[in-house]
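Asker: Next one to model:
(chains A, B, C and D)
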Amino acid sequence: MTNGWTDIRNADVILAMGGNPAENHPVGFRFVMEAKRNRNARLIAVDPRFTRTAAVADYFVQIRAGTDIAFLAGLIHYAFTHNRVHEAYVRAYTNASFLVRQDYAFNEEEGIFSGWDQEKGSYDKASWNYEFDAQGFATVDPSLGHPRCVFQLMKGFYSRYTPEMVSETCGCRVEDFLKAAEIITSTYTPDRAGTILYALGWTHHSHSVQLIHAAAMLQLLLGNIGCAGGGVNALRGHANIQGGTDCGMAYHNLPGYIPIPKANHQSSGQFLEAVTPRPLRPNSMNFWGNTDRFFISQMKAYYGEAASRENDFGYHFHPKLPQTPAGDYENWSWAYIFDHMYQGRMEGLLSFGMNPVANGPHSKKVINALATLKWLVVTECFEQETSTFWKREILELIQKRPEEVQTEVFLLPAANFAEKDGTFVNSARWIQWKWKAVDPPGEARSDQEIISRLFLKIRELYEKDGGRFPDPILHLNWWYTNPFDPSLEEVLKEINGWALKDVRDERDPQRMALRAGQLLSNFLDAQADGSTLSGNWLYIGMYTEAGNLTQRRSTADPSGLGRYSEWAFNWPANRRILYNRCSADDQGRPWDPSRPVIRWDGGKWVGDVPDYGSDSAPEAGLGAFLMIPEGGARLFVPGQFVDGPFSEHYEPAESPVLNPLHSRHSSNPAIAHFKTEWDVLGRAEEFPIVCTTYRLTEHFHYWTKNNAYNMQLQPEFFVEIPEDLAKEKGIEKGDRVRVSSARGSIEGKALVTKRLQPMNVAGKKVYQIGFPIHWGFLGRGQQKGSLANLVTPTIVDPNSFAPEYKGFLVKLEKA
Amino acid sequence: MKSGRVKLPGQIERYTFSERVVHWIAGGGYVYLLLSGLAFFSSHFYWLASLLGGGLAARVWHPWVGLLFVIAVVWMHHIWRRDMRLTEADRAWSKALWHYIRNEDSNVPPAGRFNTGQKQFFWLMYFGGILLLVSGLILWFTEYVPWNWRAVRSFAVLVHVVVALLTVGGFIVHIYMGTLVVRGGWGAITQGTVSETWARAHHRLWWNEITGDATAKNDSLLLEPTDRTS
Amino acid sequence: MDIPMTRRSFLKIGTIGGLTASTFGFDLKPAFAQVRTLKIARTTETRSICPYCSVSCGVILHTLGDRSKNVRPTVVHVEGDPDHPINQGSLCPKGVTLKENIVNDRRLTQVLYRAPGSDHWEAKSWEWAFDRIALLIKQTRDARLIEKDTRGRILNALTAVGVIGGCTDCTENNYLLVKAFRAGLGVIPLEQQARI
Amino acid sequence: MAGGTLELRRISASKSPAPGIRQMPTVTKYIDTTTCIGCKACEVACQEWNDLPAETTVQIGTYQTLPDMTANFWNLIRFAEYENGGLHWLMRKDQCMHCEDPGCLKACPAPSAIVQYMNGIVDFQQDHCIGCGYCITGCPFNIPKFHNKTKKVYKCTLCVDRVAVGLEPACIKACPTGCLQFGTKSQMVQLAHHRVEQLKNQGYSQATVYDPPGVGGTNVITVLAYGDRPDAYGLPRNPTIPLAVRLWKDVLQWLGNLSIVGGLIIAALHYLRFGPKAVKEEAQAAESGDEI
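Answerer: Below you'll find the predicted structure:
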């Protein structure tokens, strides 16, 4: 979330799209209701289904799953054509004025950008860039009139998305789109703010990153980023998925979003040279210019004393991402892990609280993949499908028997949230401490103890018996008072970091900036010379000499805007609203004086922690987006995404129709398809119905199927079916039905509803159905093996590698 | 077994053993139903429930005893239905009710085995019992009555209350007559026998039937004058 | 158990009604009823955060049975933290039933092991499990660590072992996973729920 | 109130107690169906707080947990798809309405099995309940539910145990969207009317507060967007205590009492006036004289 849960109350218009916040984040949704009650805010729900959110929305538009970009692009077009663009904002805070290279182009007939290589099936992104001047800075046209400035290119690019085209693609009526567009774009004035709440309804697509890019573009055009009640807000799905993401639980980056070193980077110098961006405008702050401080401090946290200038701060202790023979870097993201595993490239897997058989795409492929492993370790609170994939009833799915599966499986009983302390980082980036209430049951142990004992046992083996490259294992800085069960406060301190020796002020060497042992409180306290350690620079400031700020519990809110600056700690730097420089004009005056986020008082910024130099004058031109070398937000994205600098509508990989804009490249051309026999797609002739999966508010993922109360509220798997389709198929409510895709089938109860209406897409009647996830093989009550992912495709987005769970093709029959 | 045998000299069997048993099943049952029912009916009588082991026990037993009562009444109907048939003679008797009440029995036409009042009381209890059973079943299983049929519940409450009150009225008269007014009635329903005089005095037609006497005249002279106002 | 508990410990109004009930109108004295003893009157409160979605509601875990020797506290009730600025005491149907996530007869309480080809679990000790798992990890690492690639570049990467997890666990454990397995053992396939 | 006791206003099958000196405002639950998302937090918060076990349910083609409340499930969100120009998915929290003039209490024959506290909460005291089920008949909202094992009747207590110590009811506490509020009746009525005004301004011309006068008003008031169609939400249009119960309690009870007492008196007078019909036995008349 760029903003926070409590900030939603400041919105005038709330667009819930690509998410069903009432269903999945009911408590966060309270602020939507608050805005409705207290500000007369309007809630627009755009979704394939009439959801719980739609039930309390002021306006609902049903669209076909997977056509969100077309809808958003239509909104962008509407904003341009109805002069609903906050122009001063766009000029000041985006790259709208940047001039783009002459060889950049988009072929509207073909549906591809310049640089397409049909052979390789990928783009050469060189042309998707700015024109640079002699100093290497991007050239700009502040008048926004230049035909190759981003503003004009964008206007032209989205001119194809007329209301009629939106209607034809999305299956909604033109009037419905126009009504929604009128409300949504009404926030372009400085005194109105609109927010977008999205979740996995946007990320589960083969064009998910571009989808969110489109949302960001819309919000930038309307001037809604950085303002109270504005923003693009990702509502994340797990309590600490944000903390995990921040702390490097992804193959491609280290804690603090530092890219992982790659095979080509054979020294820290090479690595930093490759990953540190250079500023693209003269005064741009380009905060990533400090990557060296963050990276070296992290190496010190990992390897302690053993990371010295002499050994390049232990650079080679850390693994590098290998290259494929073709020259790309290997992909070890979730779906790829199981593809590699299926192909026999892995021996072991440790899973901490994850259930890939249930939550990964295409459960059968995952089960097959797990069966290739030599060993599998699952740490869990409840027995789940992954740890028991070898059981007869689960192996039956892939026609195997337990005797044929040689995997050794360990199921380790874990403590849950109440049985250990530590922090969760929520969607609003609040790092909140929780306290331990009880001991774990029976022999269950905390994860920190399991991780530590396992690691120390391995270290012991390497000490005793030697082995391949034991150095990083032997040198890992496991300094904790109780190394077998580290105190999480000690770990938290390490993540924040401290000075290892006295550090002098860079601007005034006479002054001591940090004493040895002093906890870091500012990002730039981190040093690139090994004199500080910090596990994750992004969290610096959460545990300072003032104490563990994640434990703060002050509900003071002098702003009245729900900022709660002294409640826990909000990364980065306790900033509650990201990009808040944009909430004020070029003079530092809030666009909307009734909702000021920050304000320049002549000498410093007051209000929220400014996303700007705290004492830098508004005219300093540091840029409102400090992490972007341009200093301004990227409407046109040079080279970051593999599938284009602008967001274009592509059909899902399985679609009932060809893309009405360009049938030749109907779906995202940059998709890389997996190639095993399980990675199959269905055709509309055989599988004519669009299907989508989702969660219910009564359940949490695959956990609460162990709870009697939750099972009581939603006892069994069901399929939501439009009335017309049910009539066609002779299905009554409560009947058992079977949903089949090219991958597999699933049976459940029919829930016949008016809330899913057939739609007219490109002249064709298209039905949509959907079903929730939540059930499987283990748990209370009626489980019946109803794993939703038995039918989902292994198609993933080429940027984020998120699977396309929303909008795939199925057929429906009475079971 | 038929009543009317001469058991002892001067004594006639009025009620057989089984008739007395079924009467007392019904009677005992009714007393319980009355006491517990009154407790449910009116808060002013709730104290009766404590005599019966508390409201909860009364609530549990009332329907079962009710069932028993209705079975007994139906059994009575089975054995007495002929004697209970209302005839032409009953019409005449009814017209003379006022004389009967005032103990001017010489002005009252002769009665059969049961006089009209007894017959009316029987039919009140018989049809009342059936109505109480039907409405009682609904009340017993109120929670199973679907909400859309809730009128049935209301109807059951009304029927149960009204019919029960009617039977209570009949019951008071019955007890009063049987114990205080018609001397010998108590003996008849306990020991089963009445004196010949008693039979001739109260149920002349029945007496005629069992003795073959054809005098169709009420032996009211056998009754003591009871006007105590003088 | 499907019989609701008796809700009241005792009632003071027992004598009202009954034999004294047969008068009309108002009683002369006000009447009072004792309501059920508040079940959280004697609990210890611990502040925590709901482990489900990313709203991160504050919850208060009410435990009973602590502060004496040989007694394991148990959670008897979970309620929203009214001071928490986000949920302000409220919770969703999952948060409301959090007690069941903690006190649940389906919770795992011992180490389970499935031998190759077997169709059942065997209970094992922690010591055995740590020894065995550590050995397996070491064997795989020793066999499959890529110290250098074909072009001679130093990688020290281990792709034969995957580590997934963390989004359900606290930040510190995510960090420890990254530190121990990537920075320590060199594991490259390190992922969590974020993409799926 | 100290010690968790609450003063009573009405007691089933008993005379009403005199009001005490201390004034206690009537408490009221406010339900705004227009901001309810049907999340069911209230359903389980109620069960969890009251230690009620989970019911075994089946999916029959709806999001609604159960067709109706049960003795273990006192709070049900009713879901309805309602078409009125556009499609609406109505969700309404259903539970005891805590009527000002409670039909259950009126119908209850067991003294103090149903009480109305001074703060308006209508509560079943299972210790005194005899399980007759008259409250089920007396309720115009189909609320009290019979438990087959305990043979007693249960319903929402408005968490009187919490309210007595100054906490709001469990469902209110849980409600994430704030569609449930708790306070004094006047506060809640004011809030409801404010919300209705807001809704009317937004085009919901039929918006209304459901606080039916037929039962003296309810201490659970509901804001409906389509107030002309309470039935679409599963609410009766003009709920009143069933006529049968009123006839019984207001007329027949007195009539019955009077006729029973009257019957006895008449019998006594008759006996005094006319005496028994004794038979003059021809043979033994002399010695027996009187049989009684």
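Asker: pull the CA atoms of the helix or strand where A:Arg37 lies into CSV?
Answerer: Assigned by DSSP states H and E, A:Arg37 falls within helix A:30-39. Provided in CSV are the C-alpha atoms of helix A:30-39 (Å, rounded to 0.1, in the frame of the first residue of the first chain):
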residue,chain,number,x,y,z
ARG,A,30,-14.1,-0.5,7.8
PHE,A,31,-12.3,2.7,6.6
VAL,A,32,-14.2,2.5,3.3
MET,A,33,-17.4,2.4,5.2
GLU,A,34,-16.2,5.2,7.4
ALA,A,35,-15.4,7.3,4.3
LYS,A,36,-18.9,6.5,3.0
ARG,A,37,-20.5,7.5,6.2
ASN,A,38,-18.4,10.5,7.2
ARG,A,39,-17.4,11.9,3.8
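Asker: Give me the next element, helix or strand, following that helix.
Answerer: Counting by DSSP H and E, what follows helix A:30-39 is strand A:42-47.
Asker: any idea how far chain C is from D:Glu100?
Answerer: Using Cβ to the nearest Cβ, to the nearest Å, D:Glu100 is found at 18 Å from chain C. No exception for glycine: its C-beta is placed from N, CA and C like everyone else's.
Asker: D:Thr218 is in contact with that residue, correct?
Answerer: Yes: using Cβ atoms under 8 Å, D:Glu100 is in contact with D:Thr218, at 6.8 Å.
Asker: What residue in chain B comes nearest to chain A?
Answerer: B:Pro146 (18.8 Å; Cβ to the nearest Cβ).
Asker: What about A:Pro558, how many residues nearby?
Answerer: When neighbours are counted by other Cβ atoms under 10 Å in any protein chain shown, A:Pro558 registers 9.
Asker: And residue 185, what's its pLDDT?
Answerer: Here I'm looking at chain A. Note on A:Thr185: pLDDT of 98.
Asker: was after chain C, sorry
Answerer: Per-residue confidence (pLDDT) for C:Leu185: 98.
Asker: Pretty sure it sits against A:Pro470.
Answerer: No: contact criterion Cβ under 8 Å: C:Leu185 and A:Pro470 do not qualify, at 10.2 Å.
Asker: Looking at those two, which is more packed in?
Answerer: Per other Cβ under 10 Å, whichever of C:Leu185 and A:Pro470 has more neighbours is C:Leu185, with 25 against 18.
Asker: Could I get the contacting residues of whichever residue of the stretch 601-750 of chain A sits closest to chain B?
Answerer: Residue of the stretch 601-750 of chain A nearest chain B, by Cβ to the nearest Cβ: A:Gly734 (18.8 Å). A:Gly734 is in contact with A:Lys749, A:Ala750, D:Gln59, D:Ile60, D:Gly61, counting by Cβ atoms under 8 Å, 6 or more residues apart in numbering or on different chains.
Asker: Looking at the residues you listed, spot the one nearest B:Arg91.
Answerer: Set against B:Arg91, the nearest of the contacts of A:Gly734 by Cβ to Cβ is D:Ile60 (61.6 Å).
Asker: From chain C, how far out is the closest residue to that closest one other than its chain neighbours?
Answerer: Sequence neighbours aside, A:Gly734 is the residue nearest to D:Ile60 in space, at 4.6 Å (criterion: Cβ to Cβ, 6 or more residues apart in numbering or on different chains). Counting by Cβ to the nearest Cβ, the gap from A:Gly734 to chain C is 23 Å.
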